[in-house]
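A.B. asks: the amino acid sequence is not available; the structure is as follows:
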C-alpha cells in the first residue's frame, strides 16, 4: 500500500538493514496468511487488500495472496530491488538504479503508465493512482486521467503538489500524503471526513501513513497524530504515549511499532477477522504493514 523511504542515501543499502521472518494475521482469504513465505531474510513488507509483497535482504521479491491479475505469478525476478509496495491487485518495486517496475492489474492504467525513467527513491500505491519521489525531491503521480475539462478528472494525479523537498509519500484509495524535509505534511485528493482537510498544519513529523479513511503521522518525539474517520476508534483510540518508530494505517485498524520492537494495534477488526486482537504480543519486530483485512510484520529471530 505504501513505501516510505525516509533516507534516500540508505534506500539501496540492504546490507545495513535488519532482517527477519514474516508474521501475518487477520483475514486468510486467498491464503494471505497461510501462504506467508518462510525464511528469516526479509527486510521490508507491504500488505494491501488481497495480496502482499516483501523484499529480501538479497534484493529479491516474494509475493503472495490472490493471483487473479498476475500480481503474484508476474512477480519480477532479479536481485537488484530495494523497495516494494503492494497495490490492489498489482504491485510496485523499486530497483537499485532508481527505476520502478509494476506488474498485475491494468485497472486505471496503474501499471502501464508507470514512469520509464530512473532516479526515484520512494513510491506509494493508491486506489486509482500511484506516487513516487525523484532524487530531487519532486513528486510524480500516475494512473488513469480523464479529460482535464471533465468533472471526473483523476484529482489524485492532477492535484499532486509541485516543487521539491519531499522525503516520504503514502497513498490510499481516495487521497495521498507527502512529508517534506522541514517536517510538514501535505495532503491531496478527495476529503473523506477530514482525511485531507484536517491534515496537521505544524511540523516535526518524521513518518506518515495514509489509511483508507484515516491517517497517521509520527512526530520526532515518538508520539502519534491521527485524523479522519473515527467511527470505530481509528482516531480516538490512538495511543497517547511516545516511543514509537513506525506507523501503518489500514482499513478500520492501525499498527504502530515501538522502540522495543513490540507492536500496538487499535481500531476495529473488520469482518471479525481479528486484525487487532491477534496482533503478536512478543518483541523483536522491525517492520509493519496494515492491509485492508490483514496485517503483516517482520520479526527478527
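C.D. replies: Yes, it's here. Because the structure is predicted, anything quoted here is derived from the model rather than measured.

A.B. asks: switch to C-alpha atoms for all contacts and neighbour counts from now on
C.D. replies: Will do.

A.B. asks: would you map the helices across the stretch 1-150 of the chain?
C.D. replies: Under the criterion DSSP state H, counting those that start in this stretch, the stretch 1-150 of the chain carries no helices.

A.B. asks: for the stretch 1-150 of the chain, give me the ranges with low pLDDT.
C.D. replies: 1-12, 145-150 (pLDDT under 70).

A.B. asks: and the strands in it?
C.D. replies: Secondary structure of the stretch 1-150 of the chain (DSSP state E, counting those that start in this stretch): strands at 2-3, 21-26, 42-47, 51-56, 61-65, 81-86, 90-95, 100-104, 120-125, 130-134, 139-142.

A.B. asks: most packed of the ones you listed?
C.D. replies: Mean neighbour count (mean count of other C-alpha atoms under 10 Å) peaks for strand 2-3 among the strands of the stretch 1-150 of the chain, with a mean of 32.

A.B. asks: closest one to residue 298 among the strands of the stretch 1-150 of the chain?
C.D. replies: With C-alpha to C-alpha, the closest approach to residue 298 among the strands of the stretch 1-150 of the chain belongs to strand 21-26: 4.6 Å.

A.B. asks: what are the contacting residues of that closest one?
C.D. replies: For strand 21-26, the external contacting residues (C-alpha atoms under 8 Å, 6 or more residues apart in numbering) are 32-33, 36-42, 273-276, 278-279, 293-301.

A.B. asks: ok, residue 232 - how many residues close by?
C.D. replies: The tally of other residues near residue 232 (other C-alpha atoms under 10 Å) stands at 15.

A.B. asks: residues contacting residue 179?
C.D. replies: Residues in contact with residue 179, defined by C-alpha under 8 Å, 6+ apart, are 166, 167, 168, 169, 185, 186, 205, 206, 207, 208.

A.B. asks: if you set the cut-off to 10 Å instead, what comes out?
C.D. replies: Residue 179 is in contact with 4, 6, 165-170, 185-187, 203, 205-208, 217, counting by C-alpha atoms under 10 Å, 6 or more residues apart in numbering.

A.B. asks: which among those end up buried?
C.D. replies: Buried by 16 or more other C-alpha atoms under 10 Å: 4, 6, 165-170, 185-187, 205-208, 217, out of the contacts of residue 179.

A.B. asks: quick one, which of those residues has the minimum pLDDT?
C.D. replies: When the buried ones among the contacts of residue 179 are sorted by pLDDT, the bottom entry is residue 6 at 41.

A.B. asks: quick one: which of the buried ones among the contacts of residue 179 sit in helices?
C.D. replies: Counting by DSSP state H, no part of those is found in helices.

A.B. asks: and those, which is closest to residue 194?
C.D. replies: The closest of those, once distances to residue 194 are taken by C-alpha to C-alpha, is residue 187, at 10.5 Å.

A.B. asks: thinking again about what came up before, just the buried ones from the contacts of strand 21-26?
C.D. replies: Of the contacts of strand 21-26, these count as buried by 16+ other C-alpha under 10 Å: 32-33, 36-37, 40-42, 273-276, 279, 293-300.

A.B. asks: so how far is residue 182 from residue 75?
C.D. replies: 36 Å (C-alpha to C-alpha, to the nearest Å).

A.B. asks: give me the distance between the closest residue in space to residue 294 that isn't next to it in sequence and residue 64.
C.D. replies: Excluding its sequence neighbours, the residue lying closest to residue 294 (C-alpha to C-alpha, 6 or more residues apart in numbering) is residue 26, at 4.3 Å. Separation of residue 26 from residue 64 (C-alpha to C-alpha): 15 Å.

A.B. asks: show me what contacts the closest residue in space to residue 300 that isn't next to it in sequence?
C.D. replies: Once flanking residues are discounted, residue 300 sits nearest to residue 20: 4.1 Å by C-alpha to C-alpha, 6+ apart. Applying C-alpha under 10 Å, 6+ apart to residue 20 gives the contacts 38-44, 56-57, 284-287, 297-301.

A.B. asks: can you pull out the strands in the stretch 201-301 of the chain?
C.D. replies: 205-210, 214-219, 224-228, 244-249, 253-258, 263-267, 285-290, 294-299.

A.B. asks: in CSV, list those strands along with distance to residue 131.
C.D. replies: Below are the strands of the stretch 201-301 of the chain laid out as CSV (distance: least, C-alpha to C-alpha, whole Å):
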stretch, distance to residue 131
strand 205-210, 12
strand 214-219, 17
strand 224-228, 21
strand 244-249, 17
strand 253-258, 22
strand 263-267, 27
strand 285-290, 18
strand 294-299, 22
